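[1] Just to be clear, the model below is a prediction. Sequence and coordinates:
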Amino acid sequence: MIKAEHLYKTFHTPHDVHALVDVSAEIKAGEVVVVIGPSGSGKSTFLRSLNCLEEIDSGHIEIDGIEVRHKRTNINKIREEVGMVFQSFNLYPHKTVLQNVTIAQEKVRKRSKKEAEKIGLALLEKVGIADKVNAYPENLSGGQMQRVAIARSLAMNPKIMLFDEPTSALDPEMIGEVLEVMKTLAKEGMTMVVVTHEMGFAREVADRVIFMDFGKIVEVGTPEHFFTNPTHERTKLFLSQIL
Amino acid sequence: MVQKFKSILKEKHHFSWYIGIAVFFLVIIVTLFLILSASKQIDYSWQWYRVPARFFTNEVIKSDTRGEIDSITIEGTTAVIEVKTEDGIETFRVPENELLLKRGDFVAPGTILAESKKLKPGILLQGLGLTLMISLYSSVFGIIIGLFGGLARISKNPGLKWLSTIYVEIIRGSPLLVQILIWYFVIGTLVNDNLSMMGMSKIPPVGWGIISLSIFAGAYVTEIIRGGIESIPKGQMEAARSSGMSYLQAMVHIILPQAFRISMPALTGQFISLIKDSSLLGIISLRELTKASREIVSSTMMTFEFFLILAALYLVITFPLSMFVKHLEQKAKIK
């Protein structure tokens, strides 16, 4: 479903940071891959490069068989199929919860308002926000906002969902409700790439775990492998700090 | 408003609060007293009673010749006046029911032959109307220019970016009065002469007034809109783009609505400025509020009355707008 080959990315400001160094990964349909690593390790850059929110310097990215960085590829078409959930939710504050979920359906998928609202309401029900459809984001808690954001992405019927530290900005008591939604999604067979610090989630839900450090993929493996006997010293150190 | 005022009066206040109130009224009374006594010193004769006629006036038909009314014949609702002058007979046609003179009366240039019963806006109100009309048009065009200017300013395209930057810097760096002169006397001459050579009608002075103010306001609105767009968190654009929206769609549906809401107080402030700036348009012989007042002053010599009224009229327009700005800012603060 996703194929990334030899990705390179260097940030030049304020000083050179090698965010991605020869990163290659393949993610199959229905797979849940969790990317972990210390901050500044390039895991968010990797995630954001998959739907071209971050422009990489060189490398190949293929999504659903289409070369993302090809000149003739319409990036908007790719992004329709790739949902993204952000650390800071990024709900549209001038739109109601329901409008947040319907706008892209109407403008991008060209669904009628009625159809978009039907799909939106069903998804909001699924993530447990059915009673807040007409509220504005400012009146929601962080956990509720993130669940709306997930529903907003799902409304586009994506083939892939990318999660960029979806629980990092949440109060501890709200993390559970968001992870719950993500677990349901994983069970339903959604292809997911999740950047997170939630090791419990990684252990329970991930099919594979990728550990990144200094822009490189250090180690890839199943959760059992990772949390019982990781190979690399760096991985051991990181896990010992975080667990 | 009244409620608020009452509650202020009910509250218990510190002694200094009452001193402050006293000083407030004292300053106002002393200022008024100084103006009045100073004008008395120079024997200025206030003639406020002559003011209303400049707001509303009866339409009059005046004679432009000297002579004696030879005959008046009624033709339906029209009265035909024949005046015997040194050079022969001259005729005037006036509405029959508004006729003031009778046969045998002498007329001179300026003598009023007929006066309509209906009031029509006087020169001052006409000027006010022109000021409002020009300000309104210029604001609408200014916002349109500023919208595209603002988008160009944040564009990645260097051509658009540089052009819009140069535009903003030139307009904001030179006096509006000079810009008006250039628009009317330089560009206006070039364009109008070419237009008339091609057999087309010229752009009238009011057109050049609106153009110069629109371009001027557009530069400021450009910066307001740019600031508004830049104040929207980057994540909004990312969220919109990652859902498959094009840059344009994301701008139109997600970024600009928020940017406009944030910019509303500044935009209203710009509109207030525009109303005041339109007072410079008299230089290209547009009879807006200020020019109208100057003309009244030079014909009536009622300098004090009409310049004070002039200031008051601008205040009457701008005050509600600045109240509106306050209201918007208050609302933004609560959110």
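    Looks like it arrived, so ask away. This structure is a prediction, so every number in the text was calculated from the model and none was measured.
[2] From start to finish, how long is stretch A:39-55 in a straight line?
    Across stretch A:39-55, the terminal residues are separated by 20 Å (C-alpha to C-alpha, to the nearest Å).
[3] Oops, could you answer that again for stretch B:84-102 instead?
    The first and final residues of stretch B:84-102 sit 14 Å from each other (C-alpha to C-alpha).
[4] Got phi/psi on B:Trp46?
    B:Trp46 adopts backbone torsions of phi -70, psi 130, taken as degrees, to the nearest 10.
[5] isn't it right up against B:Thr303?
    No: using C-beta atoms under 8 Å as the test, B:Trp46 is too far from B:Thr303 to be in contact (10.8 Å). Placement of C-beta: from N, CA and C, glycine included.
[6] Next, the buried residues of stretch A:115-122.
    Within stretch A:115-122, the residues scored as buried using 16 or more other C-beta atoms under 10 Å in any protein chain shown are A:116-117, A:119-121.
[7] how about these, which pair is most distant?
    The span of the buried residues of stretch A:115-122, defined through C-beta to C-beta, is set by A:Ala116 and A:Leu121 at 9.6 Å.
[8] Near chain B, which residues of chain A are found?
    Counting by C-beta under 8 Å from any C-beta of the partner chain, the residues of chain A close to chain B are A:51, A:53, A:76-77, A:79-80, A:82-84, A:86, A:88, A:90-94, A:103-104, A:107-109, A:138, A:149, A:152-153, A:156.
[9] follow-up on the earlier one: let's have the buried residues of stretch A:115-122 in TSV, adding pLDDT and secondary structure.
    What follows is those, written out as TSV (pLDDT from 0 to 100; DSSP: H, G, I helix; E, B strand; the rest coil):
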residue	pLDDT	secondary structure
A:Ala116	96	helix
A:Glu117	96	helix
A:Ile119	96	helix
A:Gly120	96	helix
A:Leu121	96	helix
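[10] For B:Lys331, which three-state class applies?
    With DSSP: H, G, I helix; E, B strand; the rest coil as the basis, B:Lys331 sits in helix.
[11] tell me the contacts of it?
    B:Lys331 sits next to no residue when contact means C-beta atoms under 8 Å, 6 or more residues apart in numbering or on different chains.
[12] for B:Glu223, same thing?
    B:Glu223 touches B:150, B:153, B:168, B:172, counting by C-beta under 8 Å, 6+ apart.
[13] Now which of the residues you listed would you call buried?
    Neighbour-count burial (16+ other C-beta under 10 Å) applied to the contacts of B:Glu223 gives B:150, B:153, B:168.
[14] so which of those residues comes closest to B:Phe33?
    For those, the minimum distance to B:Phe33 (C-beta to C-beta) is 46.9 Å, reached by B:Val168.
[15] With chain A as the reference, measure out to the closest one.
    Computed as C-beta to the nearest C-beta, to the nearest Å, the B:Val168 to chain A distance reads 26 Å.
[16] For the residue nearest to B:Ser243 when sequence neighbours are not counted, which residues are in contact?
    Distance criterion C-beta to C-beta, 6 or more residues apart in numbering or on different chains; nearest residue to B:Ser243, sequence neighbours excluded, is A:Ala104 at 3.9 Å. Contacts for A:Ala104 were tallied using C-beta under 8 Å, 6+ apart; they are A:152, A:155-156, B:240, B:243-245.
[17] Scan these and report the most crowded one.
    Among the contacts of A:Ala104, the one with the most neighbours (other C-beta atoms under 10 Å in any protein chain shown) is A:Arg152, at 30 neighbours.
[18] got a list of what it touches?
    Shown in contact with A:Arg152 (C-beta under 8 Å, 6+ apart): A:91, A:100-101, A:104, B:243.
[19] need the next SSE after the helix or strand it falls within, C-terminal direction.
    Under the criterion of DSSP states H and E, A:Arg152 resides in helix A:142-154. From helix A:142-154 onward toward the C-terminus, using DSSP H and E, the following helix or strand is strand A:160-164.
[20] What mean pLDDT does the very next helix or strand once past that following strand get?
    Sequence-wise, the next helix or strand downstream of strand A:160-164 (DSSP H and E) is helix A:172-187. Mean per-residue pLDDT for helix A:172-187: 94.
[21] Tell me where the chain has strands.
    Looking at chain A here, since you left the chain open. Along chain A, counting by DSSP state E, strands occupy A:2-11, A:17-27, A:32-36, A:58-63, A:66-67, A:82-85, A:160-164, A:191-195, A:208-213, A:216-221.
[22] you looked at the wrong chain, it should be chain B
    B:56-62, B:67-75, B:78-85, B:88-95, B:106-107, B:112-121.
[23] which residues touch A:Glu55?
    By C-beta under 8 Å, 6+ apart, the residues touching A:Glu55 are A:9, A:49.
[24] For stretch B:92-109, which outside residues touch it?
    For stretch B:92-109, contacts defined as C-beta under 8 Å, 6+ apart pick out B:61-72, B:74, B:76-81, B:83, B:111-117.
[25] For it, buried residues please.
    Within stretch B:92-109, the residues that qualify as buried are B:92, B:94, B:98-99, B:101, B:107, counting by 16+ other C-beta under 10 Å.
[26] Now the residues you listed in TSV, please, with extra columns for pLDDT.
    Below are the buried residues of stretch B:92-109 laid out as TSV (pLDDT from 0 to 100):
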residue	pLDDT
B:Phe92	82
B:Val94	80
B:Glu98	75
B:Leu99	77
B:Leu101	78
B:Val107	81
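[27] Show me which pair in those is furthest apart.
    Put simply, by C-beta to C-beta the two of the buried residues of stretch B:92-109 set farthest apart are B:Glu98 and B:Val107, 15.5 Å from each other.
[28] ok, of the contacts of A:Arg152, which one's closest to B:Gln270?
    A:Leu91 (30.3 Å).
[29] What about the closest one, how many residues nearby?
    A:Leu91 has 24 neighbours, counted by other C-beta under 10 Å.
[30] A:Arg208 too?
    By other C-beta under 10 Å, neighbour count at A:Arg208 equals 20.
[31] need the contact list for the residue nearest the centre of chain A.
    Nearest to the mean C-alpha position of chain A, by C-alpha atoms, centre = their mean, lies A:Phe163 at 1.7 Å. Listed by C-beta under 8 Å, 6+ apart, the contact set of A:Phe163 reads A:47, A:84-85, A:182, A:192-196.
[32] would JSON lines of the buried ones among the contacts of B:Glu223 with pLDDT be doable?
    Output for the buried ones among the contacts of B:Glu223, formatted as JSON lines (pLDDT from 0 to 100):
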{"residue": "B:Gly150", "pLDDT": "96"}
{"residue": "B:Arg153", "pLDDT": "95"}
{"residue": "B:Val168", "pLDDT": "97"}
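[33] Restricted to helices, list these.
    B:150, B:153, B:168 (DSSP state H).
[34] Quick check, the first one in contact with B:Ser231.
    What it means is B:Gly150. No: assessed by C-beta under 8 Å, B:Gly150 is found out of contact with B:Ser231, at 11.9 Å.
[35] check contacts around residue 124.
    Using chain A. Residues near A:Leu124 by C-beta under 8 Å, 6+ apart: A:97-98, A:101, A:130, A:132-133, A:148, A:151.
[36] switch to chain B, that's the one I care about
    B:54-55, B:289, B:292-293, B:296, B:306, B:309, B:313.
[37] hmm, which of these are the buried ones?
    By neighbour count, with 16+ other C-beta under 10 Å, the contacts of B:Leu124 hold B:54-55, B:289, B:292-293, B:296, B:306, B:309, B:313 as buried.
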